[in-house]
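S.K.: One predicted model, sequence on top.
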Amino acid sequence: MSESHSRSKRSKTGAKRHSKRDKIRAELGREGVPVTIGKMDRKPIRGRGGELKQSLRKANEINVMDPATKRVQKTEIVTVTENAANRHFVRRNIITMGAVVETKLGRVRVTSRPGQHGIIHGVLLK
């Protein structure tokens, strides 16, 4: 079944709303694709108005900013250590925004949305 971003069929109090029309293509969503550790793999996704998003499928590098020096450098991802989105994402090495990954520089919190932006940015933790 397709995911729709239209108004809910129920009101705030729980009463059923009667729809005046069917779902339209502009309201359709899509399921998220889990970003895992591996050789870089991106897939372009067409958005509304012809916009192209770069959906990341696999990645093995992250752009890390050190808050102390304000310098950014690229480093290799070793493993996922924490993920507040879902505790099962840790053992499956799924990277989402807010996940903490272990790199060669240390622990890094992901600040970008890998499935939407097509690249992984993060901030070095102390």
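M.R.: Alright, I've got the coordinates.

S.K.: can you pull the contacts of the nearest residue to Arg7 once chain neighbours are set aside?
M.R.: For Arg7, the nearest residue in space outside its immediate sequence neighbours is Arg17; the separation is 7.4 Å by C-beta to C-beta, 6 or more residues apart in numbering. Every residue, glycine included, has its C-beta placed from N, CA and C. The contact partners of Arg17, taken as C-beta atoms under 8 Å, 6 or more residues apart in numbering, are 7-11.

S.K.: how about TSV for those residues, with secondary structure, distance to Leu28 and pLDDT added?
M.R.: As requested, these are exported to TSV (DSSP: H, G, I helix; E, B strand; the rest coil; distance: C-beta to C-beta, whole Å; pLDDT from 0 to 100):
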residue	secondary structure	distance to Leu28	pLDDT
Arg7	coil	14	89
Ser8	coil	16	89
Lys9	coil	16	91
Arg10	strand	20	94
Ser11	coil	23	96
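
S.K.: Please enumerate the helices of this protein.
M.R.: If you assign secondary structure with DSSP state H, the helices in the chain sit at 114-117.

S.K.: so where's the longest strand in it?
M.R.: Among all segments of the chain classified by DSSP state E, the strand with the greatest residue count is strand 71-82.

S.K.: quick one: contacts of that one?
M.R.: Where contact means C-beta under 8 Å, 6+ apart, the residues beyond strand 71-82 that reach it are 37, 59-66, 89-90, 93-95, 99-105, 107, 120.
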